[in-house]
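Student: Got a predicted structure here, sequence first:
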Amino acid sequence: MSDDVELNGIREADFQSWKHHPVSKVFLRYLADYRDTLRKHQLAVIENSPDPIAPKAEGEYAGRVRTLDELANIEFSHLVQFYPEEEEEPDEA
């Protein structure tokens with residue numbers, strides 16, 4: 001993605017700086033580790049269920065795991081694609 005693309009005044013270089021900030025790194029690691037923990041719990045629920053397929057629990061865990069995966073691996077292009085190009089509002093004088 002070109003560095004001249006902006007979203008609310010933020011460029012990809014700004015986003016990459018945020019991702020490499022020590023606090024952001026800890027937060028993104030937490031999301032990935034929490035995702036992995038939910039995966040383990042999901043497997044345990046399936047393995048210990050009397051019903052070989054526990055759709056309610058399986059679906060809930062799977063959805064949460066996918067959401068955490070998306071958040072842990074967020075890219076600037078994802079944000080730009082999600083938000084439509086916003087028109088600049090004229091300065092009020």
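Tutor: Nice, thanks for sending it over.

Student: Ramachandran coordinates for R11?
Tutor: phi -100, psi 170 (degrees, to the nearest 10).

Student: If it is in a bridge, with which residues?
Tutor: R11 has these beta-bridge partners by DSSP bridges: E6.

Student: can I assume it is in contact with W18?
Tutor: No - using C-beta atoms under 8 Å, R11 is not in contact with W18; the gap is 11.0 Å. From N, CA and C alone the C-beta is placed, and that goes for glycine too.

Student: who's more crowded, the two?
Tutor: Between R11 and W18, R11 has the larger neighbour count (other C-beta atoms under 10 Å), namely 16 against 12.

Student: how far away is that one from D4?
Tutor: 7 Å (C-beta to C-beta, to the nearest Å).

Student: Next: L43.
Tutor: 45 Å.

Student: Those two: which has the busier surroundings?
Tutor: More crowded of L43 and D4, by other C-beta under 10 Å: L43, with 12 against 7.
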